[in-house]
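*Asks:* Fold the following, please.
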Amino acid sequence: MPYEIHTDTEHAVIRLIYSGVVTDDELMQATRAGARRVNETGMQRALADLSGVQRMEATEARVFELPQTIYPDAGLSQQLRIAVLVPQDEKVIQLARFYELVCRNRGWQAQTFFDRDEAVAWLTRVKL
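*Replies:* Numbers count the residues shown, from 1 in each chain. Next comes the predicted model:
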């Protein structure tokens with residue numbers, strides 16, 4: 001399993017931590033598991049940590065589905081803030097920025113970061 005889910009109670013953040021090779025199917029499984037954790041806890045902040053990804057095989061088509069279909073079907077609120085932490089890998093960065101754009105175009109709050117502290121600061125800047 002190329003992901004783990006942690007609940008950061010100090011910052012009220014659900015952390016979805018990816019590692020290794022991430023395929024379309026694994027991205028969808030991780031996203032659905034993360035959505036369940038958001039719904040279980042009621043936390044409205046999520047950090048998708050891609051810093052440990054060795055190879056990203058997920059496609060733009062699947063990434064497009066996340067805010068378009070998966071989030072609404074999972075009952076997520078558009079109050080949810082999603083920070084994406086990326087490594088210095090051009091493919092991962094491009095896919096994360098595509099995701100950020102798609103999210104914003106559909107009313108979701110998402111932003112890409114290279115620094116974990118900056119990501120957490122952005123997530124916690126707004127009281128939810």
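*Asks:* Contacts only, for the residue most central in space within the chain.
*Replies:* For the chain, the residue nearest the mean C-alpha position is A48 (3.5 Å; CA atoms, centre = their mean). When contacts are counted by CB atoms under 8 Å, 6 or more residues apart in numbering, A48 touches L16, Y18, G34, I82, A83, V84, L85. Glycine gets a C-beta too; all of them are placed from N, C-alpha and C.
*Asks:* May I have the beta-bridge partners of the residue nearest to the third one when sequence neighbours are not counted?
*Replies:* Spatial nearest neighbour of G34, excluding adjacent residues (CB to CB, 6 or more residues apart in numbering): L16 at 4.4 Å. Under the criterion DSSP bridges, L16 forms beta bridges with I5, A48.
*Asks:* thought L16 was touching L50?
*Replies:* No. Contact criterion CB atoms under 8 Å: L16 and L50 do not qualify, at 9.2 Å.
*Asks:* Okay, and the nearest residue to V120 once chain neighbours are set aside sits in which element?
*Replies:* Nearest residue to V120, sequence neighbours excluded (CB to CB, 6+ apart): H11, at 5.8 Å. Assigned by DSSP states H and E, H11 belongs to no helix or strand.
*Asks:* any idea which element V21 lies in?
*Replies:* Residue-wise, V21 maps onto strand 13-22 under DSSP H and E.
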